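pasted the sequence and its predicted model underneath.
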Amino acid sequence: MRTVLNLLLIIGSLSFCSLTTAQSLSKLLPYPQSVTEHKGIFTVKKNTKFFTNASDTDQRIYAEQLSLFGAPVQFTAKIGKAQIQLLIDPSIGDKYDAYELNVTTKTIIIKSATPSGLFYGLQTLRQLAYQEGSEWLIPSVEIKDHARFGYRGLHLDVSRHFYPVDFIKKHLDALSYYKFNRFHWHLTDGAGWRLQIKKYPELTQKGAWRKSPDWKTWWVGDRKYAVEGEPDAFGGYYTQEDVKDILDYAAKRYITVIPEIEMPGHSEEVLAVYPELSCTGEPFKHGEFCAGNDSVFLFLQDVLDEVIALFPSEYIHIGGDEAAKGAWKVCPKCQKRMKDNNLADVEELQSYFVQRIEKYINSKGRKMIGWDEILEGGLSKTATVMSWRGEEGGIKAAKAGNKVVMTPGEYCYLDQYQENPMIEPEAIGGYMPLKKVYSYDPLNIDLTDEEKKLIWGIQGNVWTEYMSTIPHTESMIYPRLLALSEVAWTNPEMKDWKSFKSRVSNNYAYLKSIGISPKPISTIITQERKVDLENKIIWVSLLADMDSAEIRYTLDGSVPTMNSLLYEEPIKFTATSDLKAQLFKHGEIASDIQEFRIDVHKGLGKPIEVSRFLDGYKAGGKTALVDGLVGTYSYKDQLWQGYVKGIECVVDLGEVQPIHEIRAQFMQLVGPWIWLPKEVEYSVSDDNVNFTPVATLTHDIPLDTDTMLFKDFTFDGKTEGRYVKMKVKAIDKVGAVMFVDELIIN
Ligand code: ACM
């Protein structure tokens with residue numbers, strides 16, 4: 001009896017132990033490179049002693065981070081007495097921020113060759129720790145960890161909307177908790193200059209304020225500026241004291257702050273204050289500095305002098321993106337500069353501008369970084385490139401021997417929609433759900449191993465045109481930042497979407513505890529399809545971000561319940577069906593019902609002739625209209641087909657067949673100039689020569705609708721034919737694009 005009891009006790013304590021360990025590990029984010037679980041738990045006591053051989057400054061930082069165990073933690077002078085030890089140990093090696101964390105029931109030892117490595121070991125420790133009553137417990141575990149990339153950054157545009165110092169600090173906390181080490185501060189842009197420059201006080205007196213608090217009203221309005229102190233002036237700037245405060249806060253989190261001063265473009269606010277620095281000398285006309293005027297370089301050097309004095313960062317970001325060079329082409333000063341320096345075109349003039357600034361930055365002992373446009377017209381070897389227009393700029397730069405930070409729009413732009421653009425607050429466009437971000441592998445590119453070493457890391461970008469409130473801004477950053485954290489830190493073989501989803505939801509408590517409002521976990525169910533065109537089979541996978549939720553579904557039109565079919569593997573469709581799905585969590589309904597029409601239709605895989613593609617949006621080619629894969633919320637998903645002017649296409653069903661439905665879905669998204677068609681006409685034919693119209697369809701949706709919308713144009717009736725033609729007329733707007741997918745014939 002006694003042995004049985006003992007055995008039960010052992011089993012009991014073992015399962016307790018593994019349960020808590022599992023709970024602790026399920027908060028780790030980014031996931032470490034290697035984790036070994038052991039039995040037992042370390043308890044932090046009131047008299048637990050701490051030791052570090054790192055510098056006093058580092059010790060103070062570690063003490064602050066450990067204050068969650070109850071302040072103040074006590075560091076001892078001698079290692080012998082300390083249960084928790086943070087040790088600088090060169091033997092841990094020089095992989096990026098490598099550390100080892102060893103928790104036993106008696107001691108916690110973190111080792112790293114660097115102070116920042118110890119700091120990241122501490123973040124892992126904080127994530128593992130959990131509270132029971134007044135005690136902090138940490139399960140026994142052995143972690144060997146290092147970062148995949150040396151540069152792990154987040155960018156924030158404070159020009160389009162201004163954010164207070166406390167906001168920045170809160171996010172520096174989160175950044176360091178998730179092991180980011182760079183904060184790229186986009187301090188200047190056309191919508192407001194945000195950094196006090198003592199030599200040019202008017203930059204912030206006149207260039208940091210607008211009459212409208214939100215960017216969009218200003219942008220569609222007069223795009224003028226207000227004066228500091230005016231009663232209805234909105235905006236703000238950081239004094240040099242504010243900056244020092246933020247830099248100190250960041251340094252205590254081993255985060256380097258990289259300041260960005262935009263040039264030669266995106267500089268309307270400077271040219272409003274100092275119009276003489278533009279090509280024509282007029283305010284509100286240009287966004288670019290005059291590249292032929294030496295006063296421009298003197299001004300920028302003065303500004304950079306103050307920036308360099310303030311920011312210890314080795315790298316200074318000079319922007320460089322999206323300069324319109326039209327004014328340079330007709331400006332006598334720019335033309336003279338080109339002639340004097342044998343510059344063939346305005347791209348080379350831009351390159352002259354960038355290289356002249358780089359030399360200045362280098363002369364001050366610093367290095368230059370810029371958006372990938374700095375490659376245009378030639379770039380020096382010493383500059384670092386931020387690849388934002390896809391990965392091409394980064395690839396080109398690495399091949400040329402330049403260092404690269406990858407921040408391609410498709411995976412790293414946190415200003416895009418993330419759940420359902422039809423119901424989310426307005427965003428700049430695009431569609432980048434959590435899973436898309438998580439799927440990014442910056443080294444899945446065509447470079448040699450040697451060239452790949454130049455891919456320094458990745459960065460998420462927060463452009464704030466459409467983020468006029470703090471809660472909205474935070475919901476755009478979180479939880480997607482957590483996906484970027486794992487892209488930046490964790491090797492691909494240790495990444496796992498299912499585990500990540502659960503770790504994301506287990507991190508909401510931390511985010512909320514520091515005052516951040518992440519976007520609630522999406523309740524959207526999405527579909528992914530695989531199509532067997534030969535055998536006319538569509539396989540549908542159902543996906544959800546929500547952790548440990550069941551997807552239940554029906555195929556008979558009924559409302560899903562807890563007793564409906566449980567989604568476990570891709571569902572096979574051999575005939576057109578309606579799928580209704582819903583999330584259930586702990587026996588409760590956890591989402592709205594979502595409906596999917598799966599059209600295993602007559603046109604599937606049939607020959608199709610299409611005229612008038614829009615170059616660049618051919619996506620999967622013309623057959624994509626009848627491939628069974630339907631367009632998503634992103635018009636760039638390679639499934640939507642883009643057309644200008646009009647569309648005419650004919651599907652050959654192979655033989656005359658009865659037809660009861662012809663349907664095509666179109667998208668409207670005004671931002672990128674995508675509109676519904678003016679008219680859709682369907683017709684049928686037995687011989688591909690004489691077509692009989694069966695439906696001419698229009699709609700009454702206003703052209704100025706702000707939000708993304710989708711519309712089916714449907715013929716519903718009885719006809720027959722071998723050839724089915726869709727003829728689409730565009731609206732009367734030059735350059736308007738129509739996006740369509742899929743053309744369904746039932
Ligand atoms: C950028 O997004 N214009 C760098």
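Structure's in. What do you need?

now do stretch 551-564, average pLDDT.
Taken as a whole, stretch 551-564 has an average pLDDT of 97.

let me fix that: stretch 251-258
98.

ditto for stretch 706-726
The pLDDT scores in stretch 706-726 average 95.

flag every residue of the stretch 201-350 of the chain that's near the ligand.
Within the stretch 201-350 of the chain, the residues that sit near the ligand (C-beta under 6 Å from any ligand atom) are 321, 322. No exception for glycine: its C-beta is placed from N, CA and C like everyone else's.

again, but for the stretch 601-746 of the chain
With C-beta under 6 Å from any ligand atom as the criterion, the stretch 601-746 of the chain does not meet the ligand at any residue.

quick one: the strands in the stretch 601-746 of the chain?
For the stretch 601-746 of the chain, the strands defined by DSSP state E, counting those that start in this stretch cover 608-611, 641-644, 646-668, 679-685, 692-697, 709-729, 737-745.

out of these, which one sits most buried?
With neighbours defined as mean count of other C-beta atoms under 10 Å, the strands of the stretch 601-746 of the chain peak in mean count at strand 737-745, which reaches a mean of 24.

how far does that strand sit from the chain's center?
The offset between the C-alpha centroid of strand 737-745 and the centroid of the whole chain comes to 28 Å, using C-alpha atoms, centre = their mean, to the nearest Å.

for it, name the packing helices and strands.
In this structure, strand 737-745 makes packing contacts with strand 641-644, strand 646-668, strand 709-729, judged by 3 or more C-beta pairs under 8 Å, 6 or more residues apart in numbering; DSSP states H and E.

please name the bridge partners of the residue lying closest to residue 397 once chain neighbours are set aside.
Setting aside the residues directly before and after it, residue 397 is nearest to residue 385 in space (C-beta to C-beta, 6 or more residues apart in numbering), at 3.9 Å. On the basis of DSSP bridges, residue 385 is bridged to residue 370, residue 404.

which elements pack onto the strand or helix carrying residue 296?
With elements delineated by DSSP states H and E, residue 296 resides in helix 294-310, which encompasses its position. Helix 294-310 is packed against helix 240-251, strand 256-263, strand 315-319, helix 346-363, with contacts defined by 3+ C-beta pairs under 8 Å, 6+ apart.

report the buried residues of it.
By 16 or more other C-beta atoms under 10 Å, the buried positions in helix 294-310 come out as 296, 297, 299, 300, 301, 303, 304, 306, 307, 308, 310.

can you show me the strands along the stretch 151-300 of the chain?
For the stretch 151-300 of the chain, the strands identified by DSSP E, counting those that start in this stretch occupy 151-157, 182-186, 188-189, 192-193, 209-210, 234-235, 256-263, in order along the chain.

which SS state does the nearest residue in space to residue 25 that is not next to it in sequence fall under?
Residue nearest to residue 25 in three dimensions, not counting chain neighbours: residue 35, with 6.5 Å by C-beta to C-beta, 6+ apart. The three-state label for residue 35, taken from DSSP: H, G, I helix; E, B strand; the rest coil, comes out as strand.

residue 35 reaches residue 128, doesn't it?
No. Under the contact definition of C-beta atoms under 8 Å, residue 35 does not touch residue 128, with a separation of 9.9 Å.

between these two, which is the more surrounded one?
Regarding residue 35 and residue 128, a neighbour count based on other C-beta atoms under 10 Å identifies residue 128 as having more, with 24 against 18.

what sits against that one?
Applying C-beta atoms under 8 Å, 6 or more residues apart in numbering, we find residue 128 in contact with 24, 25, 27, 28, 103, 138, 139, 141.

so where does residue 24 fall, helix or strand?
Using DSSP H and E, the element containing residue 24 is helix 2-25.

one more: residue 110?
strand 108-112.

what segments of the stretch 451-600 of the chain are strands?
Remark: strands assigned in the stretch 451-600 of the chain by DSSP E, counting those that start in this stretch are 455-462, 525-532, 537-544, 550-554, 565-566, 571-573, 577-585, 588-589, 594-598.

which stretches of this structure have low pLDDT?
Low-confidence segments of the chain (pLDDT under 70): 1-19, 71, 612-619.

change it to 50
Under the criterion pLDDT under 50, the flagged ranges of the chain are 1-17.

the residue nearest to residue 25 and the ligand, how far apart?
Residue 35 sits at a distance of 37 Å from the ligand (criterion: C-beta to the nearest ligand atom, to the nearest Å).

mind listing what that residue touches?
So, once contact is read as C-beta under 8 Å, 6+ apart, residue 35 ends up touching 25, 28, 141, 142, 143.

quickly list what the third one is bridged to.
To tie it back to what came earlier, the one meant is residue 141. Taking DSSP bridges as the rule, residue 141 bridges to residue 37, residue 103.

need the contact list for it.
Residue 141 sits next to 21, 24, 25, 35, 36, 37, 38, 101, 103, 128 when contact means C-beta under 8 Å, 6+ apart.

how much space separates it from residue 114?
Distance check for residue 141 against residue 114: by C-beta to C-beta, to the nearest Å, it reads 22 Å.

same question, residue 659
69 Å.

leaving out sequence neighbours, find the closest residue to residue 633.
Nearest non-adjacent residue to residue 633 (C-beta to C-beta, 6+ apart): residue 431, at 4.2 Å.

what's the closest of the strands of the stretch 451-600 of the chain to the ligand?
With C-beta to the nearest ligand atom, the closest approach to the ligand among the strands of the stretch 451-600 of the chain belongs to strand 455-462: 6.4 Å.

contacts for that closest one, please.
For strand 455-462, using C-beta under 8 Å, 6+ apart, the contacting residues are 149-157, 182, 184, 384, 386, 388, 394, 398, 403-407, 412-415, 440, 442-443, 445, 447, 473, 476-477, 480-481, 484, 487-488.

and those, which are buried?
Judged by 16+ other C-beta under 10 Å, buried ones among the contacts of strand 455-462: 149-157, 182, 184, 384, 386, 388, 394, 398, 403-407, 412-415, 440, 442, 445, 447, 473, 476-477, 480-481, 484, 487-488.

near the ligand, which of those residues show up?
The subset of the buried ones among the contacts of strand 455-462 within reach of the ligand, counting by C-beta under 6 Å from any ligand atom, consists of residue 388.

could you pull up the residues touching residue 364?
Going by C-beta under 8 Å, 6+ apart, the list of residues near residue 364 reads 304, 305, 308.

change it to 10 Å
Residue 364 sits next to 301, 304, 305, 307, 308, 309, 316 when contact means C-beta atoms under 10 Å, 6 or more residues apart in numbering.

pick the one among those closest to residue 96.
Distance to residue 96, by C-beta to C-beta, is smallest for residue 316 among the contacts of residue 364, at 22.3 Å.

any idea how far residue 457 is from that closest one?
Looking at residue 316 against residue 457, where the rule is C-beta to C-beta, the gap reads 18 Å.

do the same with residue 425
30 Å.

same thing with residue 193?
For residue 193, the distance to residue 457 under the criterion C-beta to C-beta works out to 28 Å.

of the two, who's got more company?
Neighbours were tallied for residue 193 and for residue 457 using other C-beta under 10 Å; the higher tally belongs to residue 193 (31 against 24).
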